[in-house]
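>>> Task: produce atomic coordinates for the following.
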Amino acid sequence: MFTIANGIILKCQDLVPSRENIVVEDGKIIEISKESAEGKIIDVEGAVVCPSFINGHMHIGDSIIKDEGYSLSLSEMVKPPNGVKHKALANATNDELIDAMKQSMWDMVRSGTTHFIDYREGGIDGIKLLKKASKDIPIKPIILGRDDSFYGDDPDLGKVRTAIRKILKIADGIAPSGFGEITEDVARIIVEECEKQSKISSIHVAESESNQIESLNKFNKTEIEKGVKNNFSQLVHLTNPKRNDLELASNSSSNVVVCPRANATLNVGVCRLNEMLGLGMKPLLGTDNVMLNSPNMLRELEFSLKLMSVYYNSYIDPKQLLQMATTNICSHKINEIVQKSVIDEGNFAEFAIFKSFSKNPYLNICNRSETKNILYIINKKCIV
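Numbers count the residues shown, from 1 in each chain. Coordinates of the predicted model:
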């Protein structure tokens with residue numbers, strides 16, 4: 001048992017600041033109050049106590065090729081099966097992949113991340129590699145698998161369904177690359193099988209303008225329309241919406257993830273984050289491919305804060321931005337799988353404690369904090 005004393009706590013899903021103490025026992029928050037003081041006392045006078053981060057979208061496998069292929073197009077970099085990433089993954093040994101993924105996970109842990117949602121290449125073997133790599137690291141990977149049988153203009157749907165069922169025995173869901181690589185029949189089967197087992201179905205949509213135009217020309221539907229109408233439980237990017245795409249997404253049950261730094265690195269656009277928030281959406285932030293960016297959510301927060309300000313000529317609410325990296329996931333059904341906590345009595349203790357630089361706790365984290373400014377990371381399993 002221990003007590004985090006004298007911190008500015010960002011409580012519950014709304015991140016309400018309150019100067020109180022937190023008592024933790026056996027990995028759970030058992031009391032929050034001004035008078036609480038039990039067990040070991042950890043005095044963090046004036047520091048900001050924030051829910052730990054969730055990285056909403058990653059490809060951790062390409063940690064082996066950081067910064068390779070810079071300035072190439074989106075397709076040249078990441079489109080299966082011949083993108084730079086996929087060729088590198090095919091040529092890497094298991095030990096190389098595991099070592100690189102471990103390094104990225106420790107980078108995340110040290111910068112305050114306790115959960116990440118990964119698009120896992122390599123089928124069953126790829127899933128097993130990530131599970132092996134994460135075994136002794138205090139972080140929770142939410143693993144979304146895929147299989148080569150998904151791709152092509154005329155896939156064997158029987159093989160697709162069999163592959164999905166095998167993957168779902170050991171993974172948290174399914175995540176094909178995008179609608180440019182799969183048919184709508186494959187999309188339908190993915191969602192059906194995931195829904196049967198209460199798993200996550202996720203897909204990239206509208207990452208590039210060209211993807212959207214191709215989808216409209218071929219099907220008279222945008223990729224976002226396809227994602228919503230096929231009932232994918234999570235949509236990633238939405239960088240180039242058309243028509244009423246954002247309204248469709250906001251009225252759907254799909255969780256949404258945006259990746260501003262990755263979009264900028266690939267030169268595909270700026271996500272319409274201010275518009276999403278105006279529609280009442282509660283998106284997550286993700287760092288995307290490790291080959292493109294470090295998996296550090298603090299860098300994602302600061303970049304997003306300033307990019308949205310200059311792009312829209314209007315300030316984004318830093319509290320809403322911080323919620324995208326911490327508590328928005330807690331309002332969505334997929335959190336039954338993710339199991340991310342807010343700071344409240346009875347919840348798992350999962351939070352980071354940041355040195356205080358300013359009177360605004362949200363900007364303190366989004367605008368000023370670096371990894372070296374994290375005093376403690378509290379995970380339900382340990383203190384880092």
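
>>> got any ranges where the stretch 101-250 of the chain has weak pLDDT?
Within the stretch 101-250 of the chain, no range satisfies pLDDT under 70.

>>> just the helices in it please.
Using DSSP state H, counting those that start in this stretch, the helices assigned to the stretch 101-250 of the chain run over residues 123-134, 157-168, 184-196, 209-219, 223-229, 245-250.

>>> for these, which one ends up most surrounded?
helix 223-229 (a mean of 24; mean count of other Cβ atoms under 10 Å). Bear in mind the C-beta positions are built from the backbone N, C-alpha and C, glycine included.

>>> Span of stretch 8-17 from start to end?
Stretch 8-17 has its terminal residues 6 Å apart, counting by Cα to Cα, to the nearest Å.

>>> could the helices of the stretch 101-250 of the chain be laid out in JSON lines, adding distance to Thr287?
Output for the helices of the stretch 101-250 of the chain, formatted as JSON lines (distance: least, Cβ to Cβ, whole Å):
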{"stretch": "helix 123-134", "distance to Thr287": "16"}
{"stretch": "helix 157-168", "distance to Thr287": "24"}
{"stretch": "helix 184-196", "distance to Thr287": "24"}
{"stretch": "helix 209-219", "distance to Thr287": "21"}
{"stretch": "helix 223-229", "distance to Thr287": "21"}
{"stretch": "helix 245-250", "distance to Thr287": "21"}
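
>>> Nearest to Val78, out of these?
Closest approach to Val78 among the helices of the stretch 101-250 of the chain (Cβ to Cβ): helix 209-219, 11.9 Å.

>>> Helix or strand: which one has the closest residue to Ser198 other than its chain neighbours?
Nearest non-adjacent residue to Ser198, counting by Cβ to Cβ, 6 or more residues apart in numbering: Glu336, 7.0 Å away. Taking DSSP states H and E as the definition, Glu336 sits inside helix 335-338.

>>> Can you name the next helix or strand after that helix?
strand 351-354.

>>> what pairs with that following strand, and is each one parallel or antiparallel?
In the sheet, strand 351-354 lines up against strand 48-51 (antiparallel), strand 374-379 (antiparallel) (DSSP bridges).

>>> Using CSV, please lay out those together with mean neighbour count and mean pLDDT.
Shown next, in CSV, are these (neighbours: other Cβ atoms under 10 Å; pLDDT from 0 to 100):
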stretch, mean neighbour count, mean pLDDT
strand 48-51, 28, 98
strand 374-379, 20, 96
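
>>> would you list the ones you listed in CSV and tack on distance to Ser63?
CSV is the format used below for the strands paired with strand 351-354 (distance: least, Cβ to Cβ, whole Å):
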stretch, distance to Ser63
strand 48-51, 25
strand 374-379, 21
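
>>> With respect to Thr265, which of those strands lies nearest?
strand 374-379 (25.0 Å).

>>> then that closest one to PDB, C-alphas only?
Provided in PDB are the C-alpha atoms of strand 374-379 (Å, rounded to 0.1, in the frame of the first residue of the first chain):
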ATOM      1  CA  ILE A 374       7.900  12.300 -15.600                       C
ATOM      2  CA  LEU A 375       8.500  11.700 -11.900                       C
ATOM      3  CA  TYR A 376       6.700   8.300 -11.600                       C
ATOM      4  CA  ILE A 377       4.700   6.000 -13.800                       C
ATOM      5  CA  ILE A 378       2.200   4.000 -11.800                       C
ATOM      6  CA  ASN A 379       1.100   0.800 -13.400                       C
END
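
>>> Heading C-terminal from it, find the next helix or strand.
Following strand 374-379 in sequence order, the next helix or strand is strand 382-383 (DSSP H and E).

>>> and the helix holding Glu336, how far out from the chain's middle?
Helix 335-338 has its C-alpha centroid displaced from the chain centroid by 13 Å (Cα atoms, centre = their mean, to the nearest Å).

>>> Going by neighbour count, list what's buried in that helix.
Buried residues in helix 335-338, counted by 16 or more other Cβ atoms under 10 Å: 335, 338.

>>> ok, residues contacting that helix?
Applying Cβ atoms under 8 Å, 6 or more residues apart in numbering, the external contacts of helix 335-338 come out as 54, 115, 117, 140, 142, 172-173, 198-200, 329.

>>> how about these, which pair is most distant?
Farthest apart among the contacts of helix 335-338 by Cβ to Cβ are Ile54 and Ser198. That separation is 19.2 Å.

>>> Have a look at these two and say which one is more surrounded.
Ile54 (28 against 13; other Cβ atoms under 10 Å).

>>> what are the bridge partners for the nearest residue to the more buried one once chain neighbours are set aside, then?
Excluding its sequence neighbours, the residue lying closest to Ile54 (Cβ to Cβ, 6+ apart) is His115, at 4.2 Å. His115 has these beta-bridge partners by DSSP bridges: Ile54, Lys140.
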